[in-house]
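>>> sharing a model that was predicted from the sequence below.
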Amino acid sequence: MSDDPLNYQLLTEDALRSVVRKALNIAATRGLVGQHHFYITFRTDVPGAQLADHLRAKHPKEMTIVLQHQFWGLEINDDGFAVTLSFNGQHERLVVPWGSVSAFVDPSVQFGLQFSVAEPVSAEAPVALPAAAKPASGSDAAAPADAGARVVTLDAFRKSDARKK
């Protein structure tokens, strides 16, 4: 991680994550109006992400959830959000840290955001590069965006690792 207090990539991603937070706050207090609904993709293997063991076994790295008709107890705080969803008729509580969110899409208005999420450090894996130094790569899961949805990504503003060599 950079010691530069003006790390614009991190500042920008933080600002864009606040858009997600505000949208979820509105949904929690007023409900989803009209056709609005959210696809939220998050890393399940980052510290703080909480989900049932059977869901983690099915989604060991990444999971996409949909907040539309059947979600309960949506709570937002400084660390992330929590929500109860139904999986095969079973209600399961998920806790999602803001730093684990890799994509947010509201297909009803063709709006989407993508975020970089650093690989978690594990004893078996080499040390992960900070998100700012990682090359862009495809997601492990299918992207939840509808065709033609506008996705805002910060990749165009990142310095390439090749230019540093």
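That came through, no problem. Numbering: from 1, shown residues only.

>>> what about the helices in this structure?
8-30, 53-58, 161-164 (DSSP state H).

>>> which one of those lies nearest to Gly80?
With Cβ to Cβ as the criterion, Gly80 lies closest to helix 8-30 of the helices of the chain, at 9.0 Å. The way it works is simple: take the backbone N, C-alpha and C, and place the C-beta from them, glycine included.

>>> helices or strands next to the closest one in the packing?
In terms of contacts (3 or more Cβ pairs under 8 Å, 6 or more residues apart in numbering; DSSP states H and E), helix 8-30 is packed against strand 38-43, strand 71-76, strand 101-106, strand 111-114.

>>> ok, which of those strands comes nearest Gly31?
strand 71-76 (9.6 Å).

>>> buried ones in that closest one?
71, 74, 76 (16 or more other Cβ atoms under 10 Å).

>>> now do stretch 89-108
Quick answer for stretch 89-108 (16+ other Cβ under 10 Å): 94-108.

>>> which of those lies closest to Val117?
Nearest to Val117 among the buried residues of stretch 89-108, with distances taken as Cβ to Cβ, is Ser102, at 4.8 Å.

>>> could you pull up the contacting residues of the closest one?
Ser102 makes contact with 41-43, 62, 114-117, 139 under the criterion Cβ atoms under 8 Å, 6 or more residues apart in numbering.

>>> please repeat the previous calculation with a cut-off of 10 Å.
By Cβ atoms under 10 Å, 6 or more residues apart in numbering, Ser102 lies in contact with 40-43, 46, 62, 64, 113-117, 139-141.

>>> need the pLDDT of it.
Listed pLDDT for Ser102 reads 94.

>>> ok, Arg21 next?
Reported pLDDT for Arg21: 96.

>>> and the residue at minimal distance from the centre of the chain, what does it touch?
By Cα atoms, centre = their mean, the chain has its centre lying nearest to Val101, at 1.6 Å. Neighbouring residues of Val101 by Cβ under 10 Å, 6+ apart: 17, 20-21, 40-43, 46, 49, 80-81, 113-115, 117.

>>> closest to Ala28 out of these?
Once Cβ to Cβ is applied, the member of the contacts of Val101 that ends up nearest Ala28 is Phe81, at 8.3 Å.

>>> that older thread, so which one among the buried residues of strand 71-76 has the lowest pLDDT?
Among the buried residues of strand 71-76, Phe71 has the weakest pLDDT, 93.
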